[in-house]
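Engineer: this is a predicted model, with the sequence first.
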Amino acid sequence: MSIAETKTEKLIQRKNNAVARGIANSTGVFVEKASGAVITDVEGRDFLDFYAGVGVLNIGHCPEPVVKAIQKQAEQLLHSFFAIAMYEPYVELAEKMNSLMPGGSLKKTMFANSGAEAVENAVKIARHATKRTGIISFEGAFHGRTFMTMSLTSKVKPYKYGFGPFAPETYKVPSAYCYRCHYRSTYPGCGMHCLENFERFFTAEIDAEHIAAMIIEPVQGEGGFIVPPPEFLPGLKAICESKGILFIADEVQTGFGRTGKMFAIENWGVEPDIMTTAKSIAAGMPLSAITGKAEYMDAPDAGNIGGTYGGNPLACAAGLETIKFIEDNNLCSRAAQIGSTTMKRLKALQERCTVVGDVRGVGAMIGIELVKDRQTKEPAKEITSKVVKYCLEQGVMLISAGIFSNVIRLLIPLVVTDEQLDRGLTVLEQSILRAAKEG
């Protein structure tokens, strides 16, 4: 059988004819089915999933309890629009999210459909609550593809290029990217210039009394899995508190057990004013949440926030069962185990492979930054692309990240078996060594 006659090739041709060119695909794989940490394509080939739908599938593909919850809910109610005719799963999931959000303050929640919608609504709520307009985000950030969230996002290509002008009253500051410090300093003897910079920023760029909120991913995702030092996030929260600025934690990718805690911000002991979640909230169903201190969440009047599909009954049923699955199976602890095993092996690889410039992560959210030279830290984008390609050829599906596209990001489903983890890491190690040798 020729390549042109395979199911995949036929589907790719149909895709090219029917789907907008801007919808990219990096693997050429069409999925037939998936279970746990394994994807099976239309040709019957199995792939280990080491990207989890870009952080959506922390509890793996098609978990049986979630599937059954969706089926049961589908027999009772598909849609009614909560703003007109309410239903219990929305309220029950809101109660659960309120109880899970870090901190002892009274919390409230609203639901939307995507991470970008969650961020949009968090910005709206923060502006309404503070009567201010400015929003601070960070270099390397990714918050979505809508007008406001694209404006808050830092990586130009492919997310922003050609789509301007952008939303006004958004400001970016350097993040704590210690491996590539904006201030050319070295932690821990740096004096935390990334925090000290705010004194200048509030004088030279915008007065703090005009800033409604500061939004940050506790661990930057698309930016390259940037893990800030212990002082950074608490330092930001202290600055916000001193200036009357709301602190928004974007937990869209970091949430629901990924970092060894239910939410990544818990690793730094910080209570956000508002928290955005999505991705792994409902095991693949379109759902996002905005959870925050009640005083801020209640600032908008009735009807000011909401949306037709936000908090759909099926998605809420899936969300409730997903959180129960995480808790019942101790997946936060499993994330820590996966992270410990993975970091140990990658650190050993770093010692014998010079293209591995940095290995960093929290729990099972791990990035491998590849460089051409450890002294200059020149990004090895081409080598990174080869690693992704070689892994795919050996049945392991993973993706890259980073503002220079030179970071391998691992988002391994937390239900992965020890055997699957070992096999996948072996393929990854072999692929990095092969790509490094070829240069």
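Structural biologist: Great, that's in hand. Numbering: from 1, shown residues only.
Engineer: in the stretch 301-439 of the chain, which spans are helices?
Structural biologist: Secondary structure of the stretch 301-439 of the chain (DSSP state H, counting those that start in this stretch): helices at 313-328, 331-352, 381-393, 418-438.
Engineer: where's the one residue sitting closest to the centre of the chain, which helix or strand?
Structural biologist: In the chain, the centroid-proximal residue (C-alpha atoms, centre = their mean) is Q253; its distance is 2.0 Å. Q253 is part of no helix or strand, with elements assigned from DSSP states H and E.
Engineer: out of the helices of the stretch 301-439 of the chain, which one sits most buried?
Structural biologist: Among these, helix 313-328 has the highest mean neighbour count (mean count of other C-beta atoms under 10 Å), at a mean of 22. The way it works is simple: take the backbone N, C-alpha and C, and place the C-beta from them, glycine included.
Engineer: what's in contact with it?
Structural biologist: 58-59, 63, 65-66, 68-70, 72-74, 76-80, 87, 89-90, 92-93, 96, 100, 111, 113, 256-257, 262, 280-287, 331-332, 414 (C-beta atoms under 8 Å, 6 or more residues apart in numbering).
Engineer: just checking, the residue nearest to the centre of the chain touches K279?
Structural biologist: Yes. Taking C-beta atoms under 8 Å as the definition, Q253 is a contact partner of K279 at 5.9 Å.
Engineer: list the residues that contact both of the two?
Structural biologist: With C-beta under 8 Å, 6+ apart, Q253 and K279 have common neighbours 54-55, 115.
Engineer: can you list these in a markdown table and add distance to G235, pLDDT and neighbour count?
Structural biologist: Conversion of the shared contacts of Q253 and K279 to a markdown table gives the following (distance: C-beta to C-beta, whole Å; pLDDT from 0 to 100; neighbours: other C-beta atoms under 10 Å):
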| residue | distance to G235 | pLDDT | neighbour count |
| --- | --- | --- | --- |
| V54 | 29 | 97 | 14 |
| G55 | 26 | 97 | 21 |
| G115 | 25 | 98 | 28 |
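Engineer: can you flag which of these belong to helices?
Structural biologist: Per DSSP state H, helices hold the following members of these: 54-55, 115.
Engineer: just put those in TSV and tack on distance to W268.
Structural biologist: What follows is those, written out as TSV (distance: C-beta to C-beta, whole Å):
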residue	distance to W268
V54	23
G55	19
G115	21
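Engineer: compute the number of surrounding residues for the residue nearest to K160 when sequence neighbours are not counted.
Structural biologist: Excluding the flanking residues, the one nearest K160 by C-beta to C-beta, 6 or more residues apart in numbering is M150, at 5.7 Å. Look at M150: counted by other C-beta atoms under 10 Å, it has 19 neighbours.
Engineer: and M150, what helix or strand is that in?
Structural biologist: Per DSSP H and E, M150 falls inside helix 147-152.
Engineer: now for the helix or strand where Q71 lies, which elements pack on it?
Structural biologist: In this assignment (DSSP H and E), Q71 forms part of helix 64-74. The contact analysis (3 or more C-beta pairs under 8 Å, 6 or more residues apart in numbering; DSSP states H and E) places helix 64-74 against helix 313-328.
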